[in-house]
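Visitor: predicted model, plus sequence, below.
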Protein chains: 2
Amino acid sequence: RIKASGLKLRFCTNETQATREQFVRKLQGFGFDISVDEVTAPAPAACRVLRERGLRPHLLVHDDLIPEFAEIDRTNPNCVVIGDAADKFTYANLNEAFRVLIGLENPVLIALGRGRYYKETDGLKLDVGAYMKALEYACDVQAEVVGKPAKSFFESALAELGVEPQQAVMVGDDIENDVGGAQRCGLRAVQVRTGKYRPSDENHPQVKPDAYVDNLAEAVELILQQL
Amino acid sequence: RIKASGLKLRFCTNETQATREQFVRKLQGFGFDISVDEVTAPAPAACRVLRERGLRPHLLVHDDLIPEFAEIDRTNPNCVVIGDAADKFTYANLNEAFRVLIGLENPVLIALGRGRYYKETDGLKLDVGAYMKALEYACDVQAEVVGKPAKSFFESALAELGVEPQQAVMVGDDIENDVGGAQRCGLRAVQVRTGKYRPSDENHPQVKPDAYVDNLAEAVELILQQL
């Protein structure tokens, strides 16, 4: 319905446990009309930064994400890229990433997100942000976050759409990464009361969405009504 | 020589990969006149805090340290104690400690130190402080550190000696945990240029030792001379 109305549409994800191809296939399976070139994701954003600055990463990421870095030179690394590596967050792998970082004259740590934790069927899991903090502290360095809620992430999505922040609406379930991040970049933002949403979000000390909706269909309705 | 001079002596360690028994046996092997009741260490300090506040810990510590907590009730945990767990810092174990902490109404995280990293024969390793930061961030909680450089740690050592801070001298190789911690507690502190010492410590922005010595024997000499 969004596409049929003539509005431009872009999918913004912090997914770093899969390539965009895998992510798109999953959403297509749910019936979404979506293709890879409509997706803004942290890994391609990181690749852009790496290329621009001549950085060769040591990757501490999920195995399924590695294809996104296929065209990046990874020999003799001069930075570390950290994503949600999940089971790959072993003691040995963390020490290895730490040693690369501490051995650099100008340590650069690029984080594909800053999430604290997420829920899976078998329980809560620490997210990339926690491990990012561990490396930040050990190396006395500040990570550069390229996923949501980084301003550069939303700016990149807007550039890809060819619109100004005030012409765009962000729809998401995460009060800080989706709503807060988009608003700081000048977009309006609608929080969906599904997924990661919790009732306590409505009392968030810093972030107040421009609107709430109960599900994605209602978000589409709201946007089309207000055209 | 210190003991023979009539001075009181206490060994202050952040060692959390072994019980005090194991630690003392190692130093005895090097020829030190030392017994367990002369050692101030983080685990007994943590046990004191746990007992005083009726806390039942979930332990994320090295296997060899667990006997130090033998007399502590660990059923139905209402806090997490984190030490340098080394190989036990697995993804699964960190998630488990995290779930205990995030499930508490008043999350309490007790850290047996806040070291960033240390060196072993096979390379640099992340220390307890890095993993403490990961849990702090994920749970939005501030850890209580019971090892060096915590003031309570030095106060406890002084109480065990029965002396005032200004009557005591701390000798150590760690500019922040030994020298800085002791000085903030009112002791004088001598840095030994061995072990963890690095020449750049002498330009530390915050901490300036009262004296430097090249080795422990020289520290003893200095202290006995100035009596």
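Guide: Arrived safely, thanks for sending. Remember, predicted model here, so these are calculated numbers, not experimental data.
Visitor: interface residues of chain A facing chain B?
Guide: A:86-91, A:94-95, A:98-99, A:102, A:116-117, A:123-127, A:129-131, A:133-140 (CB under 8 Å from any CB of the partner chain). For glycine as for every other residue, the C-beta is placed from the backbone atoms N, C-alpha and C.
Visitor: so A:Arg99 sits against B:Gly123, correct?
Guide: Yes: counting by CB atoms under 8 Å, A:Arg99 does reach B:Gly123; the two are 6.1 Å apart.
Visitor: among the two, which residue is more densely surrounded?
Guide: Legend: neighbour count by other CB atoms under 10 Å in any protein chain shown for A:Arg99 and B:Gly123, higher for A:Arg99 (17 against 11).
Visitor: partners of the lowest-mean-pLDDT helix or strand in chain A in the sheet?
Guide: Least confident helix or strand of chain A, by mean pLDDT, DSSP states H and E, is strand A:117-120 with a mean of 88. Strand pairing for strand A:117-120, determined by DSSP bridges: strand A:123-126 (antiparallel).
Visitor: next SSE after the partner strand?
Guide: Where DSSP states H and E defines the elements, the next helix or strand beyond strand A:123-126 is helix A:128-139.
Visitor: what is that next one packed up against?
Guide: Other helices and strands packing on helix A:128-139, by 3 or more CB pairs under 8 Å, 6 or more residues apart in numbering or on different chains; DSSP states H and E, are strand A:79-82, helix A:91-102, strand A:109-111, helix B:128-139.
Visitor: check the ones you listed for me and report the most buried one.
Guide: strand A:79-82 (a mean of 27; mean count of other CB atoms under 10 Å in any protein chain shown).
Visitor: packing partners of it?
Guide: helix A:42-52, strand A:57-60, helix A:91-102, strand A:109-111, helix A:128-139.
Visitor: now do the helices in chain A.
Guide: Here chain A has its helices, by DSSP state H, at A:20-29, A:42-52, A:91-102, A:128-139, A:151-161, A:181-184, A:216-225.
Visitor: so for B:Glu144, which of the ones you listed sits nearest?
Guide: The minimum distance between B:Glu144 and these falls on helix A:128-139, with 16.6 Å, by CB to CB.
Visitor: the closest one vs helix A:42-52, what angle?
Guide: Angle of helix A:128-139 versus helix A:42-52, following axes from the mean of the first three to the mean of the last three CA atoms, to 10 degrees, is 40 degrees.
Visitor: got the domain ranges for chain A?
Guide: As assigned by the TED database, chain A contains the domains A:2-15+A:35-41+A:148-225, A:42-145.
Visitor: so of those domains, which one's packed in deepest?
Guide: It is domain A:42-145: most buried of those by mean count of other CB under 10 Å, with a mean of 19.
Visitor: what about it, how long is it end to end?
Guide: Using CA to CA, to the nearest Å, the end-to-end distance of domain A:42-145 comes out at 9 Å.
Visitor: contact partners for the residue nearest to A:Tyr137 when sequence neighbours are not counted?
Guide: Leaving aside its sequence neighbours, A:Tyr137 sits nearest to B:Lys133 (CB to CB, 6 or more residues apart in numbering or on different chains; 4.2 Å). Going by CB atoms under 8 Å, 6 or more residues apart in numbering or on different chains, B:Lys133 touches A:133-134, A:136-137.
Visitor: swap in A:Gly83?
Guide: A:Gly83 sits next to A:16-17, A:42-43, A:59-62, A:65, A:111-113, A:128 when contact means CB under 8 Å, 6+ apart.
Visitor: repeat for A:Leu94
Guide: Shown in contact with A:Leu94 (CB under 8 Å, 6+ apart): A:60, A:131, A:134-135, B:89, B:126, B:130.
Visitor: go again using 6 Å as the cut-off
Guide: Shown in contact with A:Leu94 (CB atoms under 6 Å, 6 or more residues apart in numbering or on different chains): B:Leu126.
Visitor: picking that back up, can you tell me which of the contacts of A:Gly83 is nearest chain B?
Guide: Comparing those against chain B with CB to the nearest CB places A:Val128 closest, at 10.5 Å.
Visitor: touching, the closest one and A:Ile110? I think so.
Guide: No: using CB atoms under 6 Å, A:Val128 is not in contact with A:Ile110, being 11.0 Å away.
Visitor: let's have the domains of chain A in CSV, adding distance to B:Val190.
Guide: Listed next are the domains of chain A as CSV, based on distance: least, CB to CB, whole Å:
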stretch, distance to B:Val190
domain A:2-15+A:35-41+A:148-225, 46
domain A:42-145, 25
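Visitor: B:Arg10: which of the ones you listed is closest?
Guide: B:Arg10 lies closest to domain A:42-145 among the domains of chain A, at 29.4 Å (CB to CB).
Visitor: return the distance of that closest one from the chain's centre.
Guide: Domain A:42-145 sits 13 Å away from the centroid of its parent chain (CA atoms, centre = their mean, to the nearest Å).
Visitor: also stretch A:153-168?
Guide: Centre-to-centre, stretch A:153-168 and its host chain are 15 Å apart (CA atoms, centre = their mean).
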